[in-house]
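Participant: The following comprises the amino acid sequence and a computationally predicted model.
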Amino acid sequence: MRLAAELFDVPIALISLLDEDRQWFKARVGLDLPETPREYAFCDYTIRQTDVMVVEDALQDDRFANNPLVAGDPGIRFYAGAPLILHSGHAIGSLCLVDRRPRLFSAKQRKQLKDLSALVLSQIDLYRTAGRVDEVTQLPNQAQMSEDLHDLALRFPEGRYTLALVDILDRNALRDAVLAVGIRPLEIFQRDLSIQLQSLLSAGSGLYCVDDGRFAFLIKREGEASDRFIDRLVMVLKQPVASGSLLIELDARVGVVQINLEASEEIDDALRKAMTAVHQARTLGLSRVLYVSEFDIRHQRAYAILRDIPRAIAHDEFHLVFQPKLRVSSGAFEGVEALIRWQHPIFGNIAPAEFIPLAEGTTLIHELTSWVIAAALKELAELHHEGFRIAIAVNVSARSLERPQFANDLKTICARYAVSHDMLHIECTEYSGLTAPATLESLRQIRALGMQLSLDDFGAGYSNLTCLENLPFQMLKVDRGLVAHVVANPRAHQLLQGIVSLGHAMGFRMLAEGVETRDVFECIVSMGFDHVQGYYLCRPLSASALRKFLRLPPRF
């Protein structure tokens, strides 16, 4: 604008854009006003023609003589404007020159202004397309969607829009598809799908590609009309999509968020909220989910928990409790399981079932595992020094077992506290990755050190009996879900008896978890279980309470 003002020697130069009710200035020099009503806009006349419009003296022009912008501030007397017309033929505004005194405007100057307006249009096109188009689908991308939303907010500040985010495949499924067929067929598929999605849209709606396999609709609809459109979209997405020689069955989820254009923070946060709703839809197994603020409360708590784990380790907020395990043949408690607990200064007691899965999604799980093992062995060394000859079991994350150096780390910690390897029992929960080469090698190295390996929660998850043939475990800990109903349910009794017989036949020692009543305890013992653990015998104890418990005479 400074170039235009200097070139034509005018005090005011503007790029003016028009919507239904107003003109607003995308760029301006010499004028403080950000916008004016459209009814007063000289540019409203400019965009109705294809050539430069010149008003040499507004007071002598019947169209503008009584215009408030002429009679009052800024006191326009001279105006020259070149329309800004897109390739689509839509006139969006003008490049205009304004002076507070009358003046002439030559044919040469008209041409110069028109040439300059062409440069402005080129810059507008370049600005709108550079970095704002997805290369694969040729759809506008996330950056363009954000700009469009802010432009809509300027033009229709009281507008209500619905943003629908379509996640066509689970992230893991998308990765597997790329590995299976390569990137090129998936790119063709995304282009084909984008065309199909565009065919669903009507005027007033926009389609964006905001990430690989993720499309966003911007719909100028509310309430039932919006719901009907999204329901139709969900039905279409349930149908397989043909792309070349591929017929791909989608696992699409739709996250929906309502946007109030009056609130800029809602515009900036719209896509994140839609992604949150998509995540919730996948978690719940639903086709579509409307965003509600309660989703954020859960995610914010999860983020706060993860953020605070390193601080909690440094400030000793974690502590261990110990649950004794009974050896049936001797009637003595010969081992304990170390269980982590966290008393958070703000959230209070946070259950391991909440913070452990969160940590397992990050490298923080390695810090937690190291802390638990070190704290458990330190306590065990003190117990041994006091004459309590028991073993201690620690539950280890699968993520830790995947680390090549994990067995050496265990050896180092045992040496630090002078604990015999056979006094440390490593427990890991059954899952499908146990037979992965790196994990299996780690388990074998741990066993070679003389440490006992236990498969925890057996029967609750993967339960692939054939994998037990190659896994170096010595004990199977049968999940409490199988144990709880053994007295009341004859089929549960039969199933558990079969598991005990099979385990013993394969050389495993068998432990029953979650034994909470005398009847269940007696039934478990009669079945031939080697070890028992549960609230009937003892709840988890603090270190000092454990010592008192171990001094008691045998009761079983």
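Facilitator: Looks like it arrived, so ask away.
Participant: can we go C-alpha only for contacts and neighbour counts from here?
Facilitator: OK.
Participant: any idea how far Cys428 lies from Ala393?
Facilitator: In this structure, Cys428 and Ala393 are 10 Å apart, going by CA to CA, to the nearest Å.
Participant: The two: which has the busier surroundings?
Facilitator: Set Cys428 next to Ala393 and count neighbours by other CA atoms under 10 Å: Ala393 wins out with 25 against 21.
Participant: The helix or strand that contains Asp269: what's the following helix or strand?
Facilitator: Under the criterion of DSSP states H and E, Asp269 resides in helix 264-284. Sequence-wise, the next helix or strand beyond helix 264-284 is strand 288-290, with elements assigned using DSSP H and E.
Participant: Now that next one: average pLDDT?
Facilitator: Across strand 288-290, pLDDT averages out at 91.
Participant: which strands and helices sit next to that strand?
Facilitator: Counting contacts by 3 or more CA pairs under 8 Å, 6 or more residues apart in numbering; DSSP states H and E, strand 288-290 packs against strand 253-260, helix 264-284.
Participant: per-domain residue ranges of the chain.
Facilitator: 2-129, 142-292, 302-551 (automatic domain parsing).
Participant: quick one: low-confidence ranges for the stretch 151-300 of the chain?
Facilitator: When the per-residue scores of the stretch 151-300 of the chain are filtered using pLDDT under 70, the ranges that remain are 202-205, 221-225, 243-246.
Participant: redo that, cut-off 80
Facilitator: Along the stretch 151-300 of the chain, the parts satisfying pLDDT under 80 run over 154-159, 169-189, 199-206, 220-227, 239-250, 262-265.
Participant: mind checking which helix or strand Lys114 is in?
Facilitator: Under the criterion DSSP H and E, the helix or strand holding Lys114 is helix 107-129.
Participant: And the helices and strands packed on strand 288-290: which comes nearest Pro11?
Facilitator: For the helices and strands packed on strand 288-290, the distance to Pro11 is smallest for helix 264-284, at 32.9 Å, taking CA to CA.
Participant: What are the buried residues along the closest one?
Facilitator: Buried residues in helix 264-284, defined by neighbour count with 16 or more other CA atoms under 10 Å: 267, 270-271, 273-282.
Participant: same check, this time on stretch 163-172
Facilitator: For stretch 163-172, a neighbour-count test (16+ other CA under 10 Å) marks Leu163, Ala164, Leu165, Val166, Asp167, Ile168, Leu169, Asp170 as buried.
Participant: Leu169: what's its closest spatial neighbour, skipping adjacent residues?
Facilitator: With CA to CA, 6 or more residues apart in numbering as the criterion, Leu169 has its nearest non-adjacent residue at 5.0 Å, and that residue is Asp251.
Participant: Next, the one you found: secondary structure please.
Facilitator: Reducing the assignment at Asp251 to three states with DSSP: H, G, I helix; E, B strand; the rest coil gives coil.
Participant: any idea how far it lies from Val525?
Facilitator: Taking CA to CA as the measure, Asp251 and Val525 are separated by 47 Å.
Participant: Same check on Ser293?
Facilitator: Using CA to CA, Ser293 is found at 50 Å from Val525.
Participant: The two: who's more crowded?
Facilitator: Using other CA under 10 Å, the more surrounded residue of Ser293 and Val525 is Val525, with 15 against 9.
Participant: Show the model's pLDDT score for the residue of the chain most remote from its centre.
Facilitator: Computed with CA atoms, centre = their mean, the residue of the chain farthest from its C-alpha average is Gln60, at 63.2 Å. pLDDT, the model's per-residue confidence, is 93 for Gln60.
Participant: thinking again about what came up before, quick check: phi and psi on the residue nearest to Leu169?
Facilitator: According to degrees, to the nearest 10, the main-chain angles of Asp251 amount to phi -120, psi 60.
Participant: what distance separates the start and the end of stretch 377-393?
Facilitator: Across its full length, stretch 377-393 reaches 10 Å end to end, with CA to CA as the criterion.
Participant: got it, and stretch 238-249?
Facilitator: When the termini of stretch 238-249 are compared using CA to CA, they are 8 Å apart.
Participant: same question, stretch 2-16
Facilitator: Across its full length, stretch 2-16 reaches 15 Å between end residues, using CA to CA.
Participant: Doesn't Gln494 lie inside a helix?
Facilitator: Yes: secondary structure assignment (three-state DSSP) places Gln494 inside a helix.
Participant: And for it, the neighbour number?
Facilitator: 11.
Participant: and it, how far is that from His485?
Facilitator: Distance, Gln494 to His485, by CA to CA: 11 Å.
Participant: Tell me the helix or strand right after the helix or strand that contains Glu522.
Facilitator: With elements delineated by DSSP H and E, Glu522 resides in helix 518-527, which encompasses its position. Sequence order places strand 531-532 as the next helix or strand after helix 518-527, per DSSP H and E.
Participant: Now for the residue nearest to Leu169: which residues touch it?
Facilitator: For Asp251, the residues meeting the contact criterion (CA atoms under 8 Å, 6 or more residues apart in numbering) are Ile168, Leu169, Asp170, Lys238.
Participant: of all the residues you listed, which two lie farthest apart?
Facilitator: Every pair in these was compared (CA to CA); the two farthest apart turn out to be Asp170 and Lys238, at 14.1 Å.
Participant: Count the neighbours of His384 for me.
Facilitator: Using other CA under 10 Å: His384 sits among 13 other residues.
Participant: Quick check: Ser400 touching Ala407?
Facilitator: No: because the distance of 9.7 Å does not satisfy CA atoms under 8 Å, Ser400 is recorded as not touching Ala407.
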